[in-house]
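Q: I would like to see how this sequence folds:
(chains A, B and C)
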Amino acid sequence: MSKLLEFKCIKFTADELHLENVLQCGQAFRWVFHEKLGHYSTTLKVGDRFRIVVVKQSEKDCIQYASLGKDGSEECAALYGFLKRYFRLEVPLGTLLKTEWLMRDSRFKHISPKGVRILAQDPWETLCSFICSSNNNIARITKMCHALSTEFGNLVGHYDGVDHYSFPTSRELTQRASEESLRVLGFGYRAKYIMATAKKIEHERLHLSDSEYLQSWKDNLEYEQIREKMMSFHGVGPKVADCVCLSGLQMDDVVPVDVHIARIAQRDYKFSAGKQDIMELQTRYRELPITRKKVNYELDVIRSRFKEKWGNFAGWAQGIVFAQEVGKTSGATSESTAIKRRLEFAVKIEGQEQQLLVKKQNLDMISTSAIEKVVEEKIEYTITGRPKRKTASNVTYGS
DNA sequence: GAACAGCCTCTTGG
DNA sequence: ACCAAGAGGCTGT
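A: Reported below is the predicted structural model:
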């Protein structure tokens, strides 16, 4: 039982920021949705330490927020400033639509932004999250990002019965995790990428934190060079690199091209890569060996065209177009697997490979009896896997 | 450089 | 019931 939080309010309309469309649609993966309360909670590094941050959108023109510190303290003077940046409240969607996108692209006559914004997320967490995203669906990416925190992060506190952990630093990952333990947790072939990336960045960052190090690239380097460095991490190709630039480094004009955006480009815009386009890019990437190796020129031409068409906030336009294209797709989770997942999180592990293996084996054995118990206790907390189809899509969660 | 199989795991459609 | 295909890609040949 936690006492009621004191929420404060930011005046901001749902047209400009719609929490569901921003926190559960494949950009951020570590928000927990509390169904009964209508709250979202996660841990975020506010100032120099992690806090539990809670937000909700019960009224149309207001975002309510509160936070909890490790010691249970609710007050955090820096929180308003943090959220203002996290949600990029200085960027006016409605104005961009009128003065930029509508002028440049008639497609936007039939689109409303629906409060889809690009967040200013922590660069290191964004990098790890999108390494997990390759050939994957939102439900499982969400599960994996929560696993990183609960297994290898530090306990920050509890909210509404849910334990909240920090997102682990590269050092914490190299010390506490291993490829094998990540595989047992369901990371598949991405386990190797995560460990290799953690080791590499820990070695490179020197006195800076993981995120300060990534952020520092922006001070001295242009987009192409930043992407080149980003793709020097194992498991990071052009699409993942662009996602980290956009959502982790606030590079608002970067357009990540995935299969959906590529399909839209060909179907609706008739973008096609000519010999000339490809040769221009090849010239531009002359000094960038990793880019030359990893980039797909067909897709890179599409990326470049969209950036020209949509302008300085092309990445935001991409987010809106993407949301409207696939807003409600794929990977619906059945209730029984949802219960099983809740169990997986309920079984507390300490990050040792052997214990992890034992857990994996035991899960099947305890399922039947334990599931009934879980149902009795009632499921109150959900990590949202996907938009729209609420009951089917939510991954249940608890402790 | 381009093309293609293979990769972990889960879900859905046939 | 079962299997193939695909999921907001990347790596290695």
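
Q: near DNA strand B, which residues of the stretch 151-300 of chain A?
A: Within the stretch 151-300 of chain A, the positions near DNA strand B by C-beta under 7 Å from any atom of the strand are A:R183, A:G186, A:G188, A:Y189, A:R190, A:I278, A:Q282, A:R292, A:K293, A:Y297. In this view, the C-beta of every residue, glycine as well, is placed from N, C-alpha and C.

Q: Whichever of these end up buried, select them in PyMOL.
A: The PyMOL command for the buried members of those (criterion: 16 or more other C-beta atoms under 10 Å) is given here:
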select buried, chain A and resi 183+188+190
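
Q: Switch the residues of the stretch 151-300 of chain A next to DNA strand B over to CSV; also include pLDDT.
A: What follows is those, written out as CSV (pLDDT from 0 to 100):
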residue, pLDDT
A:R183, 95
A:G186, 94
A:G188, 95
A:Y189, 96
A:R190, 96
A:I278, 95
A:Q282, 95
A:R292, 96
A:K293, 95
A:Y297, 95
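
Q: Nearest to A:E222 among the residues of the stretch 151-300 of chain A next to DNA strand B?
A: Among those, A:R292 lies closest to A:E222 (C-beta to C-beta), at 16.5 Å.

Q: residues contacting the closest one?
A: Contact criterion C-beta atoms under 8 Å, 6 or more residues apart in numbering gives A:Q282, A:Y285 as the residues in contact with A:R292.

Q: Next, work out how far apart it and DNA strand C are.
A: For A:R292, the distance to DNA strand C equals 12 Å [C-beta to the nearest atom of the strand, to the nearest Å].

Q: Over to that residue. Which of the three states is it?
A: For A:R292, the secondary structure call by DSSP: H, G, I helix; E, B strand; the rest coil comes out as helix.

Q: I figured A:L44 hits A:L119, correct?
A: No. With contact taken as C-beta atoms under 8 Å, A:L44 and A:L119 are classed as non-touching, separated by 10.6 Å.

Q: which neighbours do these two share?
A: What both A:L44 and A:L119 touch, as defined by C-beta under 8 Å, 6+ apart, is the set A:Y86.

Q: quick one: strands adjacent to the strand ranked longest in chain A?
A: Selection of the longest strand in chain A by residue count, based on DSSP state E, yields strand A:49-59. Taking DSSP bridges as the criterion, strand A:49-59 sits next to strand A:39-46 (antiparallel), strand A:62-68 (antiparallel) in its sheet.
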